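# sequence plus predicted model, see below.
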Amino acid sequence: MEGRINLIDRISPIGNFCTFLKTLRCSYVAYQDIWKIIKEERSKGNFRSLQYIPRLNSSAYESVLCYNNAACSLEQTLHELVIRDNSMALIEGKTSHFPKVHTIFLKFAYYVDAYVMNRYMERLPSATVVDISIKNYGGLNEDQDVTEFDIHVSPKVKKLTVKHPYCYNKFYIYIMKAFPNLQKVNINVRGFDTKKEPMPTEEAVQFLEYLLRVPKFSAFRIPVESQNDVFIGLLDNNRHIKTLDITYVMESLSGSDFVSMESLSDVKDGIVINIFRKGKTSLMLPHIGLVQESGKDLLYLHIDMGIETFGHKAKVLRRKRGIALSSILQRCPRLLGVSIYNTALDAFGIYLEFQESIEIRDYITILGSLIRSSFLSDLSDRVSFTSQFTLTNCQFFDEAANDWIREIDMPHTQFDEIRYEEEILSNKVCLKLIKTICNTVSWYVSKGAYLIACIEKQYEDSVKNKNIPSLFIRCKDVHAVIISLTEIHVVLNLK
């Protein structure tokens, strides 16, 4: 009681003398007392301009009641409103009296469907920011079909946040129809009820294309019938994506495929896509509509197929499912950088129709992949220049019997820098370098942090030593070679 008297002594003068006060926040934990005091001061004619009060973070009945009373006393000025499960009386009778509320927090302990959400939104037409948080799954059997009621469209809403344990198909459809002018959306779904059907391909494509029209977006774990069909159908008609990051994630759980997609906050026109597979056969490289039909604007492309073991990669090679890299390059003529992780690269392909070779000016990176040796030479036939070429922890499935020789055979490509990285135990390495631009051969052995020139016999003697790995490079030209093994990092500067 003494604490509340002290609080009254502090807040009442604020209400009396700070006539135009717009925000009242404090660190005092007993917000119930603050809300009661606000209501009392409003009955005296004070706090006439108050727009923001301490938020309601509890679902306890007494707390909700005190907050609702304080909020209703400020119905003509309040800009921010928190609504909880047991705020129904406030919603049914009073929300139309909050003409200036622009930020709404809808906090529910259990699942609510699109119909219930629609009822809240139609009573708060001034809202521009909506934050929906549902803590637990209530086990409702079915959403009410969004075709069975008139969806209230909220054109003023620019920012939407949804935190949901399980988001069903009809809720996604509701979001698309109810919020046509979003500038930012974040949909965070924690799981999926395996008893429910995943989103059909057509609806999933519509929803993902809806997201692409929002400048800043993130949507996690959307259940789809077929991720392959979804991404073949998904096109970029408006966004002009410059950077695309596609990552496949293997999951051991049974059930639907999931898709996550978000815009990159630090890269303009950048998109990240994560595909969660349920133990299905992997592709070498995926069919992606954003690449094959909308790739003309792409500058940077990253693909991680998520195939962790080389045994699984070999199985993918035998099945030969997916597309060739040449098909991707054909569709993305402006690419400056491409990186490919954790996949199997069989044939480069024959799909490039350019009369001249292309340049991928910034980088080509291949990591953790199983590669047919001819893949690199075929790539070289089509790519005349890249500034940095990196090969990290890869294996060649048809390499020579000598397991200590690695080959980068790209005779028609010019490089600023070639990087070779592998987790292999050795404190020494040697290099044979052929430059086709001048038809020269040179040999090097490691000494300290550098590769130093040697005669052919020294190189051959090193190659005969089964404990010393050797790298063979044939290229048009290169200015620097960097080799990083587990115990050694050496540089050859040829400028």
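Received the coordinates, thanks. Numbers count the residues shown, from 1 in each chain.
# who are the contact partners of D381?
F348, S357, H412 (CB atoms under 8 Å, 6 or more residues apart in numbering). Where C-beta positions appear, they are placed from N, C-alpha and C, glycine not excepted.
# next one: G337
Per CB under 8 Å, 6+ apart, neighbours of G337: L299, Y300, L301, I360, R361, D362, Y363, I364, T365.
# for N238, state which of those is nearest.
L299 (17.5 Å; CB to CB).
# can you report how many residues lie near that closest one?
L299 has 18 neighbours, counted by other CB atoms under 10 Å.
# which helices and strands sit right next to the biggest strand by length in the chain?
Secondary structure of the chain per DSSP state E: the longest strand is strand 405-421. If you count contacts as 3 or more CB pairs under 8 Å, 6 or more residues apart in numbering; DSSP states H and E, strand 405-421 packs onto helix 373-382, strand 383-392, strand 470-484.
# Y120: what secondary structure?
helix (DSSP: H, G, I helix; E, B strand; the rest coil).
# what's the following helix or strand after the longest strand of the chain?
strand 430-435 (DSSP states H and E).
# quick one: strands adjacent to the helix or strand that that next one is followed by?
Next along the chain after strand 430-435, taking DSSP H and E as the criterion, comes strand 440-447. Sheet partners assigned to strand 440-447 using DSSP bridges are listed as strand 430-435 (antiparallel), strand 450-454 (antiparallel).
# OK, contacts around the closest residue to N342 other than its chain neighbours?
Excluding its sequence neighbours, the residue lying closest to N342 (CB to CB, 6 or more residues apart in numbering) is G368, at 4.5 Å. G368 is in contact with Y341, N342, T392, N393, C394, counting by CB under 8 Å, 6+ apart.
# these, buried ones only, as a ChimeraX selection?
To isolate the buried members of the contacts of G368 in ChimeraX, using 16 or more other CB atoms under 10 Å:
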select :341,342,392,394
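# mind giving me JSON lines with the contacts of G368 and columns for pLDDT and distance to V116?
Converted to JSON lines, the contacts of G368 look like this (pLDDT from 0 to 100; distance: CB to CB, whole Å):
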{"residue": "Y341", "pLDDT": "94", "distance to V116": "43"}
{"residue": "N342", "pLDDT": "90", "distance to V116": "43"}
{"residue": "T392", "pLDDT": "96", "distance to V116": "51"}
{"residue": "N393", "pLDDT": "93", "distance to V116": "51"}
{"residue": "C394", "pLDDT": "91", "distance to V116": "53"}
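# what is the helix or strand harbouring F231 packed up against?
F231 belongs to helix 227-233 when elements are defined using DSSP H and E. Applying 3+ CB pairs under 8 Å, 6+ apart, we find helix 227-233 packed against helix 201-212, strand 257-263, strand 270-277, helix 289-292.
# next secondary structure after the helix or strand N69 falls within?
Element membership for N69 (DSSP H and E) is helix 61-73. Next helix or strand after helix 61-73 toward the C-terminus (DSSP H and E): strand 80-84.
# what comes into contact with that next one?
For strand 80-84, using CB under 8 Å, 6+ apart, the contacting residues are 51-53, 55-56, 59, 64, 67, 71, 90-91, 95, 98, 101-109, 120, 124.
# just stretch 204-217 next, same as before
By CB under 8 Å, 6+ apart, stretch 204-217 touches 172-173, 175-176, 182-186, 199, 219, 222, 224-225, 230, 233-239, 259, 261-263, 265, 271.
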